[in-house]
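Novice: Provide a 3D model corresponding to the input given below.
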Amino acid sequence: MKLLPYLEANRLEAGCDEVGRGCLCGPVVAAAVILPNDFANELINDSKKLSKGNREGLVQEIKDNSIAWAVAESSVEEIDQINILNASFLAMSRSIEMLEVVPEHLLIDGNRFKSELTIPFDCIIKGDGKFASIAAASILAKVHRDNLMAEYALEYPGYGWEKNVGYPTKQHRQGILELGSTPIHRKSFKLLPDQLEIKF
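Specialist: Numbers count the residues shown, from 1 in each chain. The predicted structure follows:
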């Protein structure tokens, strides 16, 4: 299915999405992208539906063809302090604020958004599978975060982050059980099921 180029024509719309909410470690990453109304690439889709190679191949094309783009993070410390939902909103707000062109309207992936920004917005459930700008944002955020977690995997081997990028897979949980938690694990998250002990 071809994604929609805009919600309303002739309006500067920024698509915004985040990745990493369900991970046990690392930052939550958001991106914002303003695409020209006539931009079209049939490969662009929800980042979760694309192969790693396709996602990585699209990053430069999105950056080269967008009117503006930005990627931002909320840290593990911020996630633990203000909770993952608010940290996601914060990362999204930061990515929007970093855009070199101020959008007139925001297309936010998901069912809610909270921000101190004064830009009007629409929340679109599963928006990364509906609008090209949100899909483009999801691709930039995912590739950025995956690369970050691959770097952390070198620093903290044994958790499989080069493959699971911090999600609660069997290998990741086994690593926590055997090695304990790391400084980039989210202390406010349940890292292991109740019946398993964790080393801190």
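Novice: can you give me how far the longest helix seen in the chain is from the chain middle?
Specialist: In the chain, taking DSSP state H as the definition, the longest helix is helix 132-155. Chain-centre distance of helix 132-155: 7 Å, with CA atoms, centre = their mean, to the nearest Å.
Novice: Now that helix: buried residues?
Specialist: Buried positions in helix 132-155, judged by neighbour count with 16 or more other CB atoms under 10 Å: 132-146, 148-149, 152-153. C-beta coordinates here come from the backbone N, C-alpha and C atoms, glycine included.
Novice: quick one: buried residues of the very next helix or strand once past that helix?
Specialist: The first helix or strand that comes after helix 132-155 along the chain, using DSSP states H and E, is helix 161-164. By neighbour count on 16+ other CB under 10 Å, the buried set for helix 161-164 is Trp161, Asn164.
Novice: elements contacting helix 161-164?
Specialist: helix 132-155, helix 170-179 (3 or more CB pairs under 8 Å, 6 or more residues apart in numbering; DSSP states H and E).
Novice: Output the first one as CSV, nothing but the C-alphas.
Specialist: Backbone C-alpha positions of helix 132-155 (Å, rounded to 0.1, in the frame of the first residue of the first chain) are rendered in CSV as follows:
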residue,chain,number,x,y,z
ALA,A,132,5.2,8.8,4.5
SER,A,133,6.5,11.5,6.8
ILE,A,134,5.8,9.4,9.9
ALA,A,135,7.3,6.3,8.3
ALA,A,136,10.4,8.2,7.4
ALA,A,137,10.7,9.4,11.0
SER,A,138,10.3,5.8,12.2
ILE,A,139,13.1,4.7,9.9
LEU,A,140,15.5,7.4,11.0
ALA,A,141,14.8,6.8,14.7
LYS,A,142,15.1,3.0,14.4
VAL,A,143,18.4,3.0,12.4
HIS,A,144,19.8,5.5,14.9
ARG,A,145,18.8,3.5,17.9
ASP,A,146,19.9,0.1,16.4
ASN,A,147,23.3,1.5,15.6
LEU,A,148,23.6,2.9,19.1
MET,A,149,22.7,-0.4,20.7
ALA,A,150,25.2,-2.2,18.5
GLU,A,151,27.9,0.1,19.9
TYR,A,152,26.7,-0.6,23.5
ALA,A,153,26.8,-4.3,22.7
LEU,A,154,30.6,-4.0,22.2
GLU,A,155,30.9,-2.3,25.6
